[in-house]
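Enquirer: below are the sequence and a predicted model for it; my questions follow.
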Amino acid sequence: MSVQTAIYVETILDSVKWESKGLAVAIAQNIDTGSILMQGFANRDALTNTISSSKATFYSRSRSSLWIKGETLMNFINVHDVFLDYCNL
């Protein structure tokens, strides 16, 4: 990861309103239609991985681990942009 990318990632991570367990709701949305593909949770590591790999990465609360959506069947959610919802800050 370049220095510029690392600064960008840290800026985003510091802007997220993390709940008490260090999680935030993450929603994957189709770029063309706006339809919701899935909703899950992300922690700092999941969001960092999502931004750096452009693959939607979530945090599994039941397994207490990261998982990349689609890694089992190679049906990934490719991330084009990351947006934060500032309405609830």
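Expert: Yes, it's here.
Enquirer: check contacts around Val25.
Expert: Contact partners of Val25, counting by CB atoms under 8 Å, 6 or more residues apart in numbering, are 39-42. All C-beta spots, glycine's among them, are computed from the backbone N, C-alpha and C.
Enquirer: now, those residues that are in helices?
Expert: With helices taken from DSSP state H, there is no overlap with the contacts of Val25.
Enquirer: filter those residues down to the buried ones and hand me the ChimeraX line.
Expert: In ChimeraX, this line selects whichever of those come out buried by 16 or more other CB atoms under 10 Å:
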select :40,41,42
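Enquirer: Leu84 contacts Asp14, doesn't it?
Expert: No: contact criterion CB atoms under 8 Å: Leu84 and Asp14 do not qualify, at 10.8 Å.
Enquirer: so which of these two has more stuff around it?
Expert: For Leu84 versus Asp14, neighbours defined as other CB atoms under 10 Å are more numerous around Leu84 (12 against 9).
Enquirer: sec struct for the more buried one, please.
Expert: Classification of Leu84 using DSSP: H, G, I helix; E, B strand; the rest coil returns coil.
Enquirer: kindly report the same for Leu13.
Expert: Once three-state DSSP is applied, Leu13 turns out helix.
Enquirer: what's the closest of the contacts of Val25 to Arg61?
Expert: Arg61 has its nearest neighbour among those in Phe41, at 6.1 Å by CB to CB.
Enquirer: look up how far Lys17 lies from that closest one.
Expert: Counting by CB to CB, to the nearest Å, the gap from Phe41 to Lys17 is 13 Å.
Enquirer: residues shared between the contacts of these two?
Expert: Shared contacts of Phe41 and Lys17 (CB under 8 Å, 6+ apart): Ala24.
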